[in-house]
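Colleague: Prediction below, plus the sequence it came from.
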Amino acid sequence: MADSKLKDPKLIAITSGKGGTGKSSISYGIGYTLAKQGNRTLIIELDFGLRCLDIMFGMNGNVKYDLGNVLKDHMQILDAVTRVPSASNLEILCAPKDPFMTVTAKQVVEICRSVRKYYDFIIIDTGAGISSHVFDIVEQANLILVVTTPDPICIRDATMMSDEFYTRGNKRQRLLINKVSAEAIKSHMIRNLDEIIDTVGIQLLGVIPDDLMLKESTGKGQTLPVDAPSLEAFDAISRRLTGEHVPLVIR
C-alpha cells in the first residue's frame, strides 16, 4: 500500500470530525514508530481540552514546560519540548494546562517553521471537531490524516471534513480507519472497509485494529508491547509515510 504521491510529508496534521476517534492515540503510535525507525520526530499537541500525551508516554508530572509557555511566556520551542524516555528520537510539546488558551493558524505556522530543520517529521495532534479554527490550522500541513472509525456518525463527520478540505482546494489528504474489528463493522452495519473508503472519498493510508493492549498501555503510560496488533499497524503506516511499499494487513 505504498503511495508514490506522498511527497515529503514532513508536517503531518492528524485530525477528525468527531471526538472519540482515537486521534491522540494515533498521534502517539505514529510518532513512536517513526522515531523508532530512526526519524527525528516532534508531536505538537493542540487538543487543549484533552491534554493527554504526557500520560500516554508515561511522563505525567515530568513535563516541565508546554505550549502555554511558548504562547504566553514567549519561550523558545526547543526549550519547551520534552524528550520521550522510551524513544530517544521523539519529543513532545504538550498542550497548555489552561484549557481555555487558544492558538492561531499563524502561530502554528511560526512554531513549525522555527523548528522544521531540526526534525524529520512534525506531527500536529489537532483538536477534534469541524470548525473554521481547526481547518485553518490543519491546512498548514503537508499531509492531512483524517481519522474515522466504523461508526456511521464518525464516517459522516469525516466525510464532511474531507469535503470542506476539497472545497478549499486541499487534496493532501489520506484516511486512517481506527478501532477496526469484525464485530465493530457488523455492529455498525457497515459491510466492509471499502464502504467506509468510498463514503469518505479519501485514499486509505492505514487501518488500526481495536486493540486492548493500546488502551491499557496509553492509560498506564507504559510502552506498547511488541506483540500489540496496533503497533504493527502503526509501524506499517509510518513506513508508508517514509515511502516504503508496505502491504495492508488487517488482523
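Modeller: Yep, it's here.

Colleague: burial of V180, as a residue count?
Modeller: Neighbouring residues of V180 were enumerated by other C-beta atoms under 10 Å; the total is 21. For the C-beta atoms, the positions are set from N, CA and C on the backbone; glycine is no exception.

Colleague: Wait, it touches P150, no?
Modeller: Yes - under the contact definition of C-beta atoms under 8 Å, V180 touches P150, with a separation of 6.4 Å.

Colleague: quick one: low-confidence ranges for the stretch 101-250 of the chain?
Modeller: Within the stretch 101-250 of the chain, the ranges that satisfy pLDDT under 70 run 128-131, 133, 189, 249-250.

Colleague: can you pull out the strands in it?
Modeller: Ranges of strands in the stretch 101-250 of the chain, per DSSP state E, counting those that start in this stretch, are 121-125, 143-148, 173-180, 204-209.

Colleague: Mind checking those strands for the one nearest to G58?
Modeller: Ranking the strands of the stretch 101-250 of the chain by their distance to G58 (criterion: C-beta to C-beta) puts strand 121-125 first, at 17.2 Å.

Colleague: What is that closest one packed up against?
Modeller: Strand 121-125 sits against strand 11-15, helix 23-36, strand 41-45, helix 105-115, with contacts defined as 3 or more C-beta pairs under 8 Å, 6 or more residues apart in numbering; DSSP states H and E.

Colleague: can you give me the angle the second one makes with strand 143-148?
Modeller: Interaxial angle of helix 23-36 relative to strand 143-148 (axes from the mean of the first three to the mean of the last three C-alpha atoms, to 10 degrees): 140 degrees.

Colleague: quick one on the thing from earlier: okay, the helices and strands packed on strand 121-125 in a markdown table with distance to P85 and mean neighbour count next?
Modeller: A markdown table is the format used below for the helices and strands packed on strand 121-125 (distance: least, C-beta to C-beta, whole Å; neighbours: other C-beta atoms under 10 Å):
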| stretch | distance to P85 | mean neighbour count |
| --- | --- | --- |
| strand 11-15 | 22 | 25 |
| helix 23-36 | 12 | 25 |
| strand 41-45 | 14 | 27 |
| helix 105-115 | 21 | 16 |
